[in-house]
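K.L.:
when you get a sec, could you give me coordinates for this:
(one chain, ligands or ions: 1)
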Amino acid sequence: MRPKISVIGAGNVGASLAQCLAVKNIANIVLLDIVEGLPQGKALDLQESAPVSGFNSIITGTNNYEDTAKSDVVIVTSGVVRKPGMSRDDLVKINAGIVADVTRNIVKYSPDCVIIIVTNPVDTMTYLALKTSGFPKNRVVGLSGVLDSARLSSFIAMELDVPMTEVNSYALGEHGQNMVIIARFATVNGQPITNLMSQAAIDKLIERTVNGGAEIVGLLKTGSAFYAPAASAARMAEAIIMDKKEILPCAAYLEGEYSLDDVVIGVPVKLGKDGIEEIVSFKLKEEEFEALKKSSDAVRALINTLGKI
Ligand code: APR
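P.N.:
Purely as a prediction, here's the structure:
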């Protein structure tokens, strides 16, 4: 039987994600939203692209969680994006309500799945989904570093005029202002960027990456980024469905790794059929550890605003 991936939320990220997954031809896809007709219309439109795009995945649009039953992977994109005048705390409260409700439905219909959280603020929402689900910690993972690293790698490629695919980088820590980017981990064909550009140039690219989401919001004016988030979440889902054991930076629950405890934050993980199969230990310098700790304090402060879960 074909694997099954459900995408919760058929908005900008959810719909783009369904398309990214469909063209990979690795699973049947269910697209769910609370708005009637929206997931059905987008699913049918996507299905009709199959003969020309060359995939055989079956795409189903629905408002009913029964259709998501027995999914191998469920990706949560449902939520609101921050609007002018809305505080970060307001956003957390609204999205926490949505993510908790969605998680309970996922558990009911797909008790053995791996959950990927995309909804922001993602580190906090991943923590909430893990605690709400009662799943083991390996089966709840958040999208953070894959996206942030993709942004950084694309900026490096543009700056050095090298092919996008020759650049590799790792963004760790919070998916937000306290992101931790360690320049020596960014390489072009194995060469650290610290050998290829000045510190001032590197600092500029790091700053642009940290503000990568805001840059897109500023341009779009209504809504936030969706192509890169969708492609990044699709890569994570593929690593799980295809049991690729890829090492990717993702938001993961830590219990002592990197000397951090009871918090979700971006670290390198091995992604395979069981979800997070290993938290990979990168050798960090003292100041890098400190940056990660500071980043985790920021996430912890946001988690604390959730109250008792
Ligand atoms: N159940 C299912 N779907 C829901 C629910 C719910 N309880 N609440 C909202 N939705 C749906 C909305 O109807 C909408 O179609 O979630 C979708 C969100 O889509 P967009 O508003 O287009 O937002 P999008 O750009 O896709 O971002 C979604 O991903 O990257 C993050 O920060 C982003 O948290 C945001 C999320």
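K.L.:
got the contact list for Lys270?
P.N.:
Lys270 makes contact with Lys245, Glu246, Ile247, Ile276, Glu277, Glu278, Val280 under the criterion CB atoms under 8 Å, 6 or more residues apart in numbering. All C-beta spots, glycine's among them, are computed from the backbone N, C-alpha and C.
K.L.:
how about the closest residue to it other than its chain neighbours, secondary structure?
P.N.:
With CB to CB, 6 or more residues apart in numbering as the criterion, Lys270 has its nearest non-adjacent residue at 4.1 Å, and that residue is Glu278. With DSSP: H, G, I helix; E, B strand; the rest coil as the basis, Glu278 sits in strand.
K.L.:
and Glu278, what pLDDT?
P.N.:
For Glu278, the model assigns a pLDDT of 98.
K.L.:
I'd say it and Val269 touch.
P.N.:
Yes. Proximity of Glu278 to Val269 meets the contact threshold set by CB atoms under 8 Å, at 6.7 Å.
K.L.:
neighbour count: the two, which is higher?
P.N.:
For Glu278 and Val269, the more surrounded residue by other CB atoms under 10 Å is Val269, and the numbers stand at 25 against 16.
K.L.:
what bridges to the more buried one?
P.N.:
Val269 has these beta-bridge partners by DSSP bridges: Leu248, Ile279.
K.L.:
okay, it: pLDDT?
P.N.:
On the pLDDT scale, Val269 is placed at 98.
K.L.:
tell me the contacts of Gln68?
P.N.:
That one is not Gln; residue 68 is Thr. The contact partners of Thr68, taken as CB under 8 Å, 6+ apart, are Ser6, Ile8, Val30, Leu32, Thr62, Val74, Asn105, Ile106, Tyr109, Ser110.
K.L.:
mind running it again at 10 Å?
P.N.:
Residues in contact with Thr68 (CB atoms under 10 Å, 6 or more residues apart in numbering) are 4-8, 30-32, 60, 62, 74, 105-106, 108-110, 113.
K.L.:
go on, Ala69?
P.N.:
Counting by CB under 10 Å, 6+ apart, Ala69 makes contact with Lys4, Ser6, Val30, Lys108, Tyr109, Ser110, Pro111.
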